[in-house]
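> How does the following fold in three dimensions:
(chains A and B)
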Amino acid sequence: MISADLFSNAVVSGILLGGFYAAVAVGLAITFGQLDIVNIAHPAFVIVGSYTAWIINTRTGLDPVLAGILVTPIFFLVGVAIYRIYYAAFERTGQESLSGLAFFFGLMFIIEVTLILVYGVDYRLVNAAYIGESIDIGFVGIPYRMLVPFIVAVLLTGGVYLYLSRTFTGRAILAVAQDRLALQLMGADPVRVKQFAFGLAIATTAIAGSLLIIIGPVEPSVGRLYIGRVFAIVVLAGMGSIPGMVVAALIIGVVETMVGTFMGPSWSPAVSFGVLLLTLAVRPAGLFGRQ
Amino acid sequence: MVGSAPRSLLRTLSIALASAAFAGSAAAAAPLKIGFSMALTGGLAGAGKAALIAMEIWRDDVNKKGGLLGRQVEFVYYDDATQPAKVPGIYTKLLNVDKVDLVVSSYGTNEIAPAMPIVMRKKLVFPSLFGLAVNDQFKYNRYFQIMPAGPEPKVDWSRGFFDLAAEQKPKPKTVAIVAADAEFPINAAAGARKNAQRHGFKVVYDKTYPPSTTDYTPIVRAIEATKPDLVYVASYPPDSVGMVKAAHEVGLKAKMFGGGMVGLQFAAIQKNLGPLLNNVINYDFWVPESTLDFPGVKEFLARYQEEAKGKGVDPLGHYLPPFAYAYLQVLEQSVNSVKSLDQAKLAAHMHKTTFDTVVGKVKFGSNGEWAKTRVLMVQFRDVQPDNLEQFAGPGKRIVLYPKNWKSGDIVFPYKQ
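Here you go, the predicted model:
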């Protein structure tokens, strides 16, 4: 049974959900898509972002999103430090493929266990006036709990895109992804550029985490649920393309909600990954990747 | 020289006798080891850690009284990380390497079932903590489940929700059933279907969703499109929160909403959802209503709440901790009665005895489940925003079912 209002609501819900996915995946589009670093701990950093927003929100009453924005410089510095360790231990010696993957796996577990030891395992939620309320536009109902993350995600991904395409450092990040040696010949230090890019990617997780905890409760291991989904979005987009990542996130979001509404939610992951496989079969480099 | 030989022999004998006596007393004082796995990390860790606190309170209580069979009780446990695949290895190690004297289960259906073949091979009694219908497949006669699901766990789980619905005037006609794609919710949904059929409710929506779902509004909208009178939800904590919020955002117009939502029993979630919970009818096992004021339960909870401070677990502990204490009380009372660790005698005693515990009188049926169901259906009432303390006392979760424990009347239809 497909009615116009159900269809419209499913499409709008999918777009809002896709926006949130884009916020979670934008950091990975930089690390995995542009720097070739398989940062499997990316969703774990998102959870750290959620916990940070939760701590600030419960102690000061500050809006979770503002809390997330406030701590981005700290996340940036943590990202820079992690890249320095990764570079010194693996990338410099050419062991980044397997050992580097193990490093990020280990990092993910360390983050989870640290959160458990420090904050326990209870579910954490935040308070904000807009959570639980919704706005009706015609027959389309929009929960603020999804609308706020969508708006923030648009600003975040738009900001990252403009930064990468319009600034000198941003272009250097794109250049290091394409030809590290050429960048070196131009007098730029690829390691410094990459550490800045990695810091930027981790900084985005502070905001993405604050969006996640607005949508639902968070506990230390919940990030694992997002590993497959965010990697799928980056691959579907075409490794490193920010506009492509946004389109891929919207496709995954809309497919999930349409399938969930009209076929049954349990089909959503299968259909979403089916779309990924089908796209890769037709366009192996992804939607916006260079063939 | 002649005289020194007997003296030397005597001395050797004395030392040997003294050593034997010492060894004997050491053996008598050797701790009685109870082994188990527990979810201390991963998705079920919130409940697992709370259960462990309750179990440690029991251990300290027993040891203060002199232990079991004159031996101090010691726990040997490992974190199963909420991964069922780890459970068989843990129980094998507990039995073959750690040589524990008794075993009890981890928390939850998914963690209990993998331990069953190991425990059954050794023919051990197996007190279990909140597994739904685990013994339906194994039919093990030394399995004893402390969760008061009842003799037909799958059906009894949702019996109250549908019995209450059938009593309302006008009688509801249609039901939507939605469940997470996981062992417990699927079992709960199967029972809900049988109860719906028993009362003649037409099922207009019957679907599952993956646990990785982020946004539940499309699901609730699809349910609302079928215009059900009743919505039965079988879900885990994050999904339960998502469903309640989505029901409010979408403006769900069902007459009854809830049923089998895990998480609405946890204080942090109750506090956060606040008034969104009002009039939701959901299962529970113990709430601070006067009809459920069993001897010892308030004292136990006071101690639990003290121990739980700063540990990041449920601060009130109404849901699981009293039962985690009680399943060890059952074991304690059985060992003290049969005065041995003979597993056959313990099992026979557990089958025939009614136990007095902090969760009330417990009597097991032939399949190891409670002989009579005590799955409560409670309705959230007058819940205020951002207030944890309100849930510590009576009046916020009114018991509607079963009638023996009823503390108030239903508000019908469901309206926020």
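
> Run through the chain and note the low-pLDDT ranges.
Reading this off chain A. By pLDDT under 70, the low-scoring segments of chain A are A:1, A:290-291.

> that's the wrong chain, I meant chain B
Within chain B, the segments meeting pLDDT under 70 span B:1-28, B:416.

> ok, residue 40 - contacts?
In the absence of a named chain, chain A is used. Shown in contact with A:I40 (CB atoms under 8 Å, 6 or more residues apart in numbering or on different chains): A:L101, A:F104, A:F105, A:M108, A:I227. (Each C-beta comes from the backbone N, C-alpha and C, glycine too.)

> Let me rephrase: I mean chain B.
Each residue near B:L40 by CB under 8 Å, 6+ apart is listed here: A:V121, B:G48, B:K49, B:L52, B:D79, B:D80, B:A81.

> if you set the cut-off to 10 Å instead, what comes out?
Counting by CB atoms under 10 Å, 6 or more residues apart in numbering or on different chains, B:L40 touches A:116, A:121, B:48-49, B:51-52, B:77-82, B:106-107.

> which non-adjacent residue is nearest it?
Setting aside the residues directly before and after it, B:L40 is nearest to B:D79 in space (CB to CB, 6 or more residues apart in numbering or on different chains), at 4.0 Å.

> from what I can see the one you found touches A:V121, true?
No: assessed by CB atoms under 10 Å, B:D79 is found out of contact with A:V121, at 11.0 Å.

> In the stretch 301-416 of chain B, mark out all the helices, start to finish.
B:321-338, B:343-352 (DSSP state H, counting those that start in this stretch).

> Mean neighbour count, the ones you listed: which tops it?
Per-stretch averages of neighbours, counted by mean count of other CB atoms under 10 Å in any protein chain shown, single out helix B:321-338 among the helices of the stretch 301-416 of chain B, with a mean of 23.

> Are that one and chain A in contact anywhere?
No: shown here: helix B:321-338 not in contact with chain A (CB under 10 Å from any CB of the partner chain), separated by at least 13.1 Å.

> C-alpha coordinates for that helix, PDB please?
Below are the C-alpha coordinates for helix B:321-338, written out as PDB (Å, rounded to 0.1, in the frame of the first residue of the first chain):
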ATOM      1  CA  PRO B 321      19.600  -6.900  40.300                       C
ATOM      2  CA  PRO B 322      17.000  -8.300  42.600                       C
ATOM      3  CA  PHE B 323      16.700 -11.400  40.400                       C
ATOM      4  CA  ALA B 324      20.500 -11.800  40.200                       C
ATOM      5  CA  TYR B 325      20.500 -11.900  44.000                       C
ATOM      6  CA  ALA B 326      17.500 -14.200  44.000                       C
ATOM      7  CA  TYR B 327      18.900 -16.900  41.700                       C
ATOM      8  CA  LEU B 328      21.800 -17.300  44.000                       C
ATOM      9  CA  GLN B 329      19.400 -17.400  47.000                       C
ATOM     10  CA  VAL B 330      17.800 -20.400  45.300                       C
ATOM     11  CA  LEU B 331      21.200 -22.000  45.000                       C
ATOM     12  CA  GLU B 332      22.100 -21.200  48.600                       C
ATOM     13  CA  GLN B 333      18.800 -22.500  50.000                       C
ATOM     14  CA  SER B 334      19.200 -25.700  48.000                       C
ATOM     15  CA  VAL B 335      22.800 -26.400  49.000                       C
ATOM     16  CA  ASN B 336      21.900 -25.700  52.700                       C
ATOM     17  CA  SER B 337      18.900 -28.000  52.500                       C
ATOM     18  CA  VAL B 338      20.600 -31.000  50.800                       C
END
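
> B:R159 - how many residues pack around it?
When neighbours are counted by other CB atoms under 10 Å in any protein chain shown, B:R159 registers 23.

> which parts of whatever helix or strand it lives in are buried?
Secondary-structure assignment from DSSP states H and E places B:R159 in helix B:153-167. Neighbour-count burial for helix B:153-167, counted by 16 or more other CB atoms under 10 Å in any protein chain shown, picks out B:153-166.

> all strands for the chain, in order.
Using chain A here. For chain A, the strands defined by DSSP state E occupy A:134-137, A:140-143.

> that's the wrong chain, I wanted chain B
For chain B, the strands defined by DSSP E occupy B:32-38, B:73-79, B:102-103, B:126-128, B:143-145, B:174-180, B:202-209, B:230-235, B:256-261, B:281-284, B:354-357, B:360-363, B:376-380, B:397-401.

> looking at those, which is buried most?
Of all these, strand B:230-235 has the most neighbours on average by mean count of other CB under 10 Å, namely a mean of 30.

> Quick check: closest non-adjacent residue to the residue of the stretch 1-150 of chain A found nearest chain B.
Residue of the stretch 1-150 of chain A nearest chain B, by CB to the nearest CB: A:G120 (1.1 Å). Spatial nearest neighbour of A:G120, chain neighbours left out: B:G312 (1.1 Å); criterion: CB to CB, 6+ apart.

> give the contact list for the one you found.
Applying CB under 10 Å, 6+ apart, the residues near B:G312 are A:115-122, A:124, A:219-220, B:45-46, B:49-50, B:268.
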